[in-house]
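Undergrad: have a look at this prediction, sequence included:
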Amino acid sequence: MKKKVLAMVLATAMVLGLTACGSAAAPAAEAPAAEAVEEAPAADTAEAPAAEAPAASGEAIKVGIINNDPNESGYRTANDKDLKATFSAENGYDAQFAYSLKNDEQIAAAQKFIQDGVDYLLLSAADTSGWDSVLKDAQDAGIQVILFDRTIDADPSLYAASIVSDMDKEGQTAVDWLAGQNLDEYNVIHIQGVMGSAAQKGRSGALDAKVAAEANWNIVKQQTAEWNAENAQQIVQSVIDAGTPFNVIYAENDDMAKGAVAALDAANISHGVGKDVIVMGFDCNKWALEELLAQNWNYDGQCNPFQSSYIDTVIKTLQSGGTIAEKTIIMDEKGFDASTITQADVDQYGI
Amino acid sequence: MDNNALLSLRGIYKSFPGVKALQNVDFTLRKGEIHALMGENGAGKSTLIKVLTGVYTKDEGEISLEGSDVIIRSPEDAQHAGISTVYQEITLCPNLSVAENMYIGRSDDVIQNWKAMNAGADKMLKSLDIPAKATQQLGSCSIAVQQMVAIARAVDMDCKVLILDEPTSSLDDNEVQKLFGLMRELKARGVGIIFVTHFLDQVYEVCDRITVLRDGKLVGEYEIKDLPRVQLVSKMLGKELDDLSDIKSETAGSSVDTSGEPVIEAEGLSSTEGIRPFDFNIHKGEVNGFTGLLGSGRSECVRAIFGADRVVSGTVKKNGKTIKINKPIDAMKNGIGYLPEDRKVDGIIGDLSVKENIILALQVMKGFFKPFTKAEANAFADEYIKALSIKTASADTPIKSLSGGNQQKCILARWLLTHPDYLILDEPTRGIDVGTKVDIQKLVLKLASEGMSITFISSETDEMLRTCSRLIVMRDRRVVGELKGEDLTQNKIMSTIAGGEA
Amino acid sequence: MSKIFKNQIFIPVAALLLLMLFNLVIDPSFFKISMGVNSAGNPVLSGYLITIINNGSELAILAIGMTLVTAASGGQDISVGAAIAIAGSTMLRVLCGTNTRPDTLSTPIFVAFIVGCLVAMAFGAFNGVLVSIFKIQPMVATLILYTAGRSIAAWINNNELPIISDPKFGYYGGFIPGIPIPTPFFIAMACVIIIFLVLKFTNLGLYTQAVGINESSSRLNGINPVFIKWLTFVILGACVAVAALIKVSRLSSINYSVIAKDIEMDAILAVALGGNALSGGKFNMAASIIGAFVIQTLTTTLFKYNVPSDALPAYKAIVVIALVVFSAPTFREAVSKFVKNIKGGKNKEVANV
C-alpha cells in the first residue's frame, strides 16, 4: 500500500517535472521573500534544479500549511505573507492554511490535511511534543513533512526537512557585535522575552555566558517583559528611578527595545550611535531598522521569517526525486549595525 | 425544674451592635409538645431560634438537651444534637430529587447507595403521609410538600427538637391542615416542636403551650387553655388592646361616594400571567380588595393594573381618561403605587439603606438627572421613619437588617412618599407582627379618609373585612363575584370563593 | 474607631499605606521625585511615585467602568484588554489613513479618539446586549470578545503595524511640553472627576446598585434594569477608549497581541481591592480607584525589586488571598472580638445605644 502511493506520487512528480520543462513562465522568483535569501538556499540542499517549478497547466502540488496565528507578532505576519506569496496557484501550488497557537488544534488540522490527501505538510508547531503519531500517519499516507521555524521532539525520520533559525547563533552574533564596541565597562539592562521560549533561551544564553566570563560586563537588571513594550518601559523606568547607571539595553525583541527607548526619552537619556546608551533589538521589524537608519538604535539582530524559498527548494528537490542531504537547514541570519545599515537593507530585510 | 423537659435554655443573652436582641431569656420545651414562640417582629424570636440552631453564638446563657448541657457553635452542631429547623423559605435544592434533598450532606461516605436511599425516602414519605415520590424533582412539588419534605428530612435525622419557623405563611388552608396533621403525628412520636408563626388561629388550633417574647425579653410561658387570644395579643404588644375594636367602629362609619367617575377603571385587562380579562374600578377614597385562594390570580390582577407583568389586552382609564401602562414607571407617573406581595423578592433592595429604599420610587419618578440632595433625602426618610414609627438604628442602616414588619413599613413609606392617588397593597401584613398589622390597617383607613383609593389584598379574611368596603372575589384566575355592604361576611366570602350555590 | 475599620475605603487605603510603609522601610529613595528634562527638552518629573500615578492611570480609568458593570450585572467584563486593542487599533487606523507610517496625521487626534470611542462603546453595547437582554453571564458573554478582540484589532489595520511619528500624539501617554506631570494622570483625574460629577448629579449610582441588588424590585420601582445594565457596559466602553488612547500614545504604536494584556484581571482586582462585592450591588467608586493605584504601586514595587513580570500574577494572587481573608466576615468577627477583649467592657456600651 505504502509503496503504491509512493509510486503514484513519484509518477505524478515526474509528469509534472516533464511538463514543467516545456512551460515558459515559472515565476518562482517573483515573491518578494525569495530575494531576501538569494544567497542562501541551494547550498545545503541537494543537486536539484531549483528553477524547475511545476507548470500552471499541470496538476498543482497540494500543500497543507499549519502555522501559528499571524496576529501573534510582526514576525509571524511576515512569515505568513511570505508563505502565501510563495505557495500560490501561479507558482503551481494548491495550498491550504490552518492557524492555531494550540498544539491540539494544530494536530487536528494536520489530521484533516492528511485525510484531504495533501502532498506536503508544512508545519510550524506550537509545542515541541505530541507530534509522533500524527506524523507517522502522514508517513503512512506517503505525505512528506517539512518543519519550518520550529523544531519538534520527534524522530528525524518522520520529517523530510526542518528549516529553522539558530537562536543561539543570533544571540552570539549580537553579543559578538556588542563586544566589538570595545566599551570600558558594560552595564547592561537585559530585557528578556517570555521565559523558556527558544528565542529567549538563545538570545539570553550568549549574553549570560559573556557576562559570566568578562569582569567588565555587568547585568544591571535582568527581567522578562514577556515581549511586551509596556512592561519593558516599566522595567527601564524602574532602573532609571533607582538611579543605577547603565549603558546598554539588550532587548530580546524590537517591541521591548521600543518600550525601553520610550523610558529613556522620558528621562532624557541619549541613546543610539555615539550616545550614552547602546540600544539593541531583535527581529528586524521595518520600523526598527528605520530607527537604526536614524541612528537612534545601534543594533538589530535578524530572525529570518522567510523560510518559504527554502521550503520551495526542498519540495522541488523531492519532486524531482532528489534527496535532502542535511535534514536541518539553518537559515542565514544577519545582524545590522546602525553605522553601516542602508535604506536598501531596510527595504529588503524589514518585516 | 421540669422533669419532662427536653430542651431548656437558661439566661440567654445576645447583642448586636446597637441592639440587645436577647436579654435573660428562658425557654423550655417538653417531649411531645407543640410549643408556640410568639412575639412581635423584633421581639427576639428569630434571634432565639438562630442561637438555638448555631447560626449565632450566644453571648451568655446555657442550653441543655435532655438534661445535659450542650454547646452549639454551628448548624452542624445543632443537627448532631438533634435540633432541626424548617424555615419559611425553603432552604433545600429545588433542582435535586426529593430523596437527594433528604439525604444531602448527611453522610460522610464517598459512595452513596442511591437505591437504598430512594427506598428509605419513600418509606419515610409514606409513613408521614407526604404526597411525594423519592425520585421526583423537589422543585416540581408544591411549596407545602417541599416544606413537608424538609420536615421529613429532619425526622429522618432522628431529630428530637423540630423548629418550624413561619412554615405556614405561603400555604393555603388545605395545605396548612396537612402540615398540622404531620405535626401532630410527630408530636405523638415524642418530638418536641417549636412553632413560630404570626397566625393566632393556627396557634390555638395546634399548640399546647405558648412562650411570649417582647423586646428581647421573656414575657412568660403559658398553657394554651390559660391564655385567651386577647390576652395573648396584649402580652405581645405589652398593652391592653382596644385597637382592634377601634378599627371596626371606624369601618362602620366609612361610606364612600361611588356615584362619580372612578379614579381608576380597567376594562378587559389581562396579562401574560394567564388571568382572564377582568373589569375593575375604584373610586376616590374607596378601599376595595381582591380575595380568593392562593393562586386564584389576585396578585396577577393588581400586577396587570400596575404594569408589573406584560399586559396583553384591555384599557385602563384614570379619571375617565385612557392611560397607557406598559411598565411600572407608566403606572407610577399616573399616580399608582404598588406594594408587592413578596417583600423580599420584589420589595426591598436589601443592601441599600432604609433611606434609599424609602426615596427610591419618588426618585425614579423625579428622573435620572435629578437626584435628591442629601438634605432632601434625609428629610423624607426621617419624616416617614417617624410617621410610621419604623424601628431602625438610623436612616442609613441597610434595610435587610430590619425586622420584617419594619421592612414592610419602609416599602409602605416608599409609596406614600410618592403621594399616589391609587395605592395597591398586596399582602402588606403577611409575615409581620400583630402590632404592625393593626398599624397598617389603621393607616389604610386613614389614607382612604384623606381621599386616597386603596386596593388591599390579604390572605386573612377578617383583615379584609375590617378594611375593605368592597371585595372582588377570584377563583381559578377569573373574577367570580363582587361583594359589598351586607354581603361582606366570612360566610358569604367563603361560599363565593367555593362557588356553586351549595 | 470601629467605624473607620468598617468603612469600605479602609481596605484599599490600608493596603496602599502598607505598601508605602514597606517601601519606606526598605528603601526611602522610593519616594524621591526629581525634576529633569526629557529628550524633547521639556521639563518632566520622575521617580517611582510619578511612575505609579503615570502607569496606574489606565487602570484607574478602567476601574471606574468595571465597578459600574460589576455593581449592575453582578459579573465582570473580561474583554477590556481585547477591547483596548480594538479601540487603539481603530484610532491608529483613523490617524494613519491608508499609509501605515504617515509623516502627517490624516485626521485630527480628536476625531480619531471619537471614532475609537464610538467603536469601543459599540463593542461595550454588544456585550451589554448579551448580558442584559439575553441574560448571559457577563464573564461568558465577554469571553466572546476576549477571544476574538485581538484578531479584530489586527484585522482593522490589515495586520500591519502603524507608527505615528507626530510627537503631538505622544502627549497623551507622555508629557505635554511645559508640564512636568505625566498627561495620563490628568486624563485619569478628569475621568475620576467626571464620574464623581455623574454620580452626584444623576441617579446612576442608586440605579446600578438597586439593579445589582434586586433586579425584580428595581423594575417594580420604575427602573429599567435591562437598560441600566446595558448602560454600564457602554460606559465601560468609553473608559476602554480613553485607556486605549493612553496606551497607544505611550508608544505611538500598537502590538495587537500584547497591548493591555491581562489588564482586565487588574481592573477586576482593583474593584475587589476596593472592597466591592464581585457579585454586584453596593459599590464604592473611590475605593475602586484607590484600588487601581494600589495595584500599580504593587507592580512598581515588584519591578523595583527585580521580580520578573511573569511572576507578578503570583504576587497579585497573594494580595487577593490576603484581601479575601481580610474582608471575610469570619475574620472580621475574630478581629472585632480580639479588639473587644482588649478594650474590655467599653464596646458593650457602644452596643447599647
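TA: Cool, got the structure.
Undergrad: B:T28 belongs to a strand, doesn't it?
TA: Yes. Assessed with DSSP: H, G, I helix; E, B strand; the rest coil, B:T28 lies in a strand.
Undergrad: any idea which element the closest residue to it other than its chain neighbours lies in?
TA: Spatial nearest neighbour of B:T28, chain neighbours left out: B:S8 (4.7 Å); criterion: C-beta to C-beta, 6 or more residues apart in numbering or on different chains. For every residue, glycine as well, the C-beta is placed using N, CA and C. Here B:S8, judged by DSSP states H and E, is contained in strand B:5-16.
Undergrad: repeat for C:V211
TA: Judged by DSSP H and E, C:V211 forms part of helix C:204-213.
Undergrad: chain neighbours aside, what residue packs nearest to A:S204?
TA: Distances taken as C-beta to C-beta, 6+ apart place A:Q192 nearest to A:S204, at 5.7 Å, with adjacent residues excluded.
Undergrad: my bad, should have said C:R101
TA: C:I163 (5.2 Å).
Undergrad: tell me the SS of the one you found?
TA: Classification of C:I163 using three-state DSSP returns coil.
Undergrad: A:K286 is in contact with that one, correct?
TA: No. If you go by C-beta atoms under 8 Å, C:I163 and A:K286 don't touch, sitting 9.3 Å apart.
Undergrad: OK, contacts around residue 148?
TA: Because you didn't say which chain, this covers chain A. Applying C-beta atoms under 8 Å, 6 or more residues apart in numbering or on different chains to A:F148 gives the contacts A:L122, A:L123, A:S124, A:S162, A:I163, A:V164, A:Q307, A:Y310, A:I311.
Undergrad: to clarify, I was referring to chain C.
TA: C:A148 neighbours (C-beta under 8 Å, 6+ apart): C:A82.
Undergrad: phi first, then psi, for it.
TA: Here is the backbone geometry of C:A148 (degrees, to the nearest 10): phi -90, psi -20.
Undergrad: and the gap between it and A:K275?
TA: Distance of C:A148 to A:K275, computed by C-beta to C-beta, to the nearest Å: 43 Å.
Undergrad: any stretches of chain B with poor pLDDT?
TA: Across chain B, the ranges flagged by pLDDT under 70 are B:1-3, B:18, B:41, B:88-90, B:106-112, B:170, B:237-258, B:294-295, B:499-502.
Undergrad: can you list the domains in chain B?
TA: For chain B, automatic domain parsing gives the domain ranges B:5-241, B:242-335+B:421-502, B:344-419.
Undergrad: with mean neighbour count as added columns, please give these in JSON lines.
TA: Shown next, in JSON lines, are the domains of chain B (neighbours: other C-beta atoms under 10 Å in any protein chain shown):
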{"stretch": "domain B:5-241", "mean neighbour count": "18"}
{"stretch": "domain B:242-335+B:421-502", "mean neighbour count": "18"}
{"stretch": "domain B:344-419", "mean neighbour count": "20"}
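Undergrad: possible to save these as TSV with distance to A:D168?
TA: Listed next are the domains of chain B as TSV, based on distance: least, C-beta to C-beta, whole Å:
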stretch	distance to A:D168
domain B:5-241	53
domain B:242-335+B:421-502	69
domain B:344-419	60
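Undergrad: and those domains: which comes nearest C:I187?
TA: Closest approach to C:I187 among those is made by domain B:344-419 (25.1 Å; C-beta to C-beta).
Undergrad: ok, the closest one near chain C or not?
TA: Yes. Contact of domain B:344-419 with chain C (C-beta under 8 Å from any C-beta of the partner chain) involves B:345-352, B:356, B:360-361, B:363-365, B:367-371, B:414.
Undergrad: which non-adjacent residue is nearest A:A98?
TA: A:A109 (3.5 Å).
Undergrad: A:I66 versus the one you found, what's the distance?
TA: Going from A:A109 to A:I66 by C-beta to C-beta gives 5 Å.
Undergrad: overlap in contacts, these two.
TA: Common neighbours of A:A109 and A:I66 (C-beta under 8 Å, 6+ apart) are A:A98, A:S100.
Undergrad: quick one on the thing from earlier: tell me the helices and strands packed up against the helix holding C:V211.
TA: Under the contact definition 3 or more C-beta pairs under 8 Å, 6 or more residues apart in numbering or on different chains; DSSP states H and E, helix C:204-213 sits against helix B:354-366, helix C:57-73, helix C:215-220, helix C:225-251.
Undergrad: any idea which helix or strand comes after the last one?
TA: Next in sequence after helix C:225-251, counting helices and strands by DSSP H and E, comes helix C:263-273.
Undergrad: how far does stretch C:305-325 sit from its chain's centre?
TA: Offset of stretch C:305-325 from its chain centre (C-alpha atoms, centre = their mean, to the nearest Å): 18 Å.
Undergrad: now do stretch B:374-386
TA: Worked out by C-alpha atoms, centre = their mean, stretch B:374-386 lies 27 Å from the chain centre.
Undergrad: again, but for stretch A:225-232
TA: Put simply, stretch A:225-232 sits 20 Å off its chain's centre (C-alpha atoms, centre = their mean).
Undergrad: now swap in stretch B:319-333 and tell me
TA: 29 Å.
Undergrad: what does that stretch rub up against?
TA: Residues contacting stretch B:319-333 (C-beta under 8 Å, 6+ apart): B:261, B:263, B:265, B:305-308, B:311, B:315-317, B:334, B:336, B:338, B:361, B:364-365, B:418, B:420, C:219-224.
Undergrad: identify the residues contacting B:R310.
TA: B:R310 is in contact with B:S271, B:T272, counting by C-beta under 8 Å, 6+ apart.
Undergrad: separation between it and B:V98?
TA: 34 Å.
Undergrad: do the same with B:I63
TA: Distance check for B:I63 against B:V98: by C-beta to C-beta, it reads 32 Å.
Undergrad: how about B:N118?
TA: Taking C-beta to C-beta, one finds B:N118 at 9 Å from B:V98.
Undergrad: anything in contact with each of those two?
TA: With C-beta under 8 Å, 6+ apart, B:N118 and B:V98 have common neighbours B:A134, B:T135.
Undergrad: which residues touch residue 62?
TA: I'll assume chain A. For A:K62, the contact set (C-beta under 8 Å, 6+ apart) comprises A:Y93, A:D94, A:A95, A:Q96, A:D116, A:G117, A:V118, A:D119, A:Y120.
Undergrad: chain B, not that one
TA: Shown in contact with B:E62 (C-beta under 8 Å, 6+ apart): B:L9, B:R10, B:G11, B:D69.
Undergrad: make TSV out of those residues and add distance to C:S257.
TA: Listed next are the contacts of B:E62 as TSV, based on distance: C-beta to C-beta, whole Å:
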residue	distance to C:S257
B:L9	66
B:R10	69
B:G11	68
B:D69	66
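Undergrad: of all those residues, which two lie farthest apart?
TA: B:G11 and B:D69 (12.7 Å).
Undergrad: what does the stretch 201-350 of chain B have sitting close to chain A?
TA: Close to chain A, as judged by C-beta under 8 Å from any C-beta, the stretch 201-350 of chain B has no residues.
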